[in-house]
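>>> I would like the atomic coordinates for the input below:
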Amino acid sequence: MKGKSRARILLTATVVVAATVCAGTTDSVADSPAVGSGTGVYVGTVPLTTLKTAGTYLLKDPTRGNTATKDGSAGPIMSDLDNVWGNGLATNRQSAAVDAQFTAASVWDYFKFTFNRIGVRNDGQGIRSVVHYSNNYSNVFWDDTCVCVSYGDGSGNGHPITELDVGAREITHGVTSVTAGLSYTGEAGALNEATSDIFGTMVEFYANIPADVPDYFLGEKIDWNGDGTPLRSMDRPSRDGASPDYYSKAIPGMDPSLASGVADHFFFLLAEGSGPRTINGIAYNSPTANGSTLAGIGRDAAAAIWYRALANYLTSTDTYHGARLATLNAAADLYGTLSPEYAATAAAWTAVSVP
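Presented below is the predicted three-dimensional model:
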């Protein structure tokens, strides 16, 4: 899109590519699960459930719907002899795979144990990941046709785009596709993007790993802008110089990846409240359009409201006003119309100028 900042290339719509991306991610091996460990570029050292077969280990998790990670579009599922994967360096092809596999497992576990959702499509099918996608590819994308996410290695093939919240937000596009089915145009597109931001963030908090302290910033570790700033800041989206903090008449015509700032801001206010605060050692300062002071209801309650709205009330062509109604309906279902959560939901939308 003309005028779109370079940083916005990364966090954009779901992309469908040729089926060869995911070819080979299933096989007939039915051996035993094993517990290994890996060191990713971004996740640090983490446990990995793998598949032991014929004297080797596959980066395939039979306990999570055969979630697996491949080396390149046409490559095989990653394999290893000692079940110790990667060394944290991008030059080791396994390191990015550790990031991707851990991200997929974290998404699986978050949706399973939080919402009883078993897989992206709620059908028990695992998530397929492709690392080292293409050549000098500076993007990451979700493909509904194969239930897979593909990660490029960036310019020069030395900077994998495999950060936890970035991968988790892309996988969330798959959840959105089979629930509300939000289109990628206008305000529905903004809500689509925001849904990915919200659950990408929630997965990061759920994983809670020392190497990537949970926060309300997205893509801060990949340093896409080259100055240490994140791609998105949910407490004050306008920090990037392009995303709006509040709703206006300009929103329907904006790039969805920018217009999502309104819902991102709403979610932060609902979860954490307004004004200055420190969370996990990170300072935030979230303003309100009407000068109101808000107390958050907690991120878990806020996420429960958003998920119920996504799964039960939002429709493919919905607007920000529709999202307000959907989340109020969800809050009423979960907590009642006289609850603090219901009142906080209404107040947070008003605070970002959504009537």
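
>>> What score does the residue nearest to residue 158 when sequence neighbours are not counted have for pLDDT?
With sequence-adjacent residues excluded and distances taken as CB to CB, 6 or more residues apart in numbering, residue 158 is closest to residue 90, at 5.6 Å. (C-beta placed from N, C-alpha, C; glycine too.) According to the per-residue confidence, residue 90 scores 98 in pLDDT.

>>> quick one, domains of the protein?
Taking automatic domain parsing as the domain assignment, the record places the domains of the chain at 6-178, 186-351.

>>> Include mean neighbour count when you put those into JSON lines, please.
Rendered in JSON lines, the data for the domains of the chain read as follows (neighbours: other CB atoms under 10 Å):
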{"stretch": "domain 6-178", "mean neighbour count": "20"}
{"stretch": "domain 186-351", "mean neighbour count": "20"}
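
>>> pLDDT of the one helix or strand residue 278 maps to, averaged?
Residue 278 belongs to strand 275-279 when assigned by DSSP states H and E. When pLDDT is averaged over strand 275-279, the result is 99.

>>> Provide the strand pairings for the helix or strand following it, with the direction of each partner.
The first helix or strand that comes after strand 275-279 along the chain, using DSSP H and E, is strand 282-286. Partners of strand 282-286 in the sheet, by DSSP bridges, are strand 275-279 (antiparallel).

>>> So what's the gap between the strand it pairs with and the chain middle?
23 Å (CA atoms, centre = their mean, to the nearest Å).

>>> Would you mind putting the CA coordinates of the strand holding residue 278 into PDB?
Extracted as PDB, the C-alpha positions of strand 275-279 are listed here (Å, rounded to 0.1, in the frame of the first residue of the first chain):
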ATOM      1  CA  GLY A 275      -2.500   6.400  33.300                       C
ATOM      2  CA  PRO A 276       1.000   5.500  34.300                       C
ATOM      3  CA  ARG A 277       1.700   2.000  35.600                       C
ATOM      4  CA  THR A 278       4.500  -0.600  35.700                       C
ATOM      5  CA  ILE A 279       3.900  -4.200  34.600                       C
END
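
>>> Residue 123 looks like it's in a helix, true?
No. Going by DSSP: H, G, I helix; E, B strand; the rest coil, the assignment for residue 123 is coil, not a helix.

>>> sorry, back to before: weakest of the domains of the chain in terms of mean pLDDT?
Averaging pLDDT over each of these singles out domain 6-178 as the lowest, with a mean of 90.

>>> Quick one: distance of it to the chain centre.
13 Å.

>>> Torsion angles phi and psi at the closest residue to residue 178 other than its chain neighbours?
For residue 178, ignoring the flanking residues on the chain, the nearest one in space by CB to CB, 6+ apart is residue 121 at 5.2 Å. Residue 121 adopts backbone torsions of phi -90, psi 0, taken as degrees, to the nearest 10.

>>> What distance do you get for residue 121 to residue 127?
Spatial separation of residue 121 from residue 127 under the definition CB to CB, to the nearest Å is 10 Å.

>>> Next, show the common contact partners of the two.
residue 147 (CB atoms under 8 Å, 6 or more residues apart in numbering).

>>> hang on, residue 170 in a helix?
Yes. In this structure, residue 170 lies within a helix as judged by three-state DSSP.

>>> Ends of stretch 62-76, what's the gap?
Stretch 62-76 has an end-to-end distance of 17 Å (criterion: CA to CA, to the nearest Å).

>>> Ok, stretch 77-97 next?
Stretch 77-97 end-to-end distance (CA to CA) = 10 Å.

>>> Give me the contacts around it.
Taking CB under 8 Å, 6+ apart as the criterion, the residues outside stretch 77-97 that touch it are 24-25, 27, 34-41, 44-45, 48, 50, 52, 55-60, 68-71, 98, 101, 129, 131-132, 151, 153, 158-160, 162.

>>> And for stretch 58-66?
Identification of contacts with stretch 58-66 by CB under 8 Å, 6+ apart yields 26, 29, 33, 48-51, 67-69, 77-80, 85, 97, 101, 104-105, 108-109, 118-119, 124-127.
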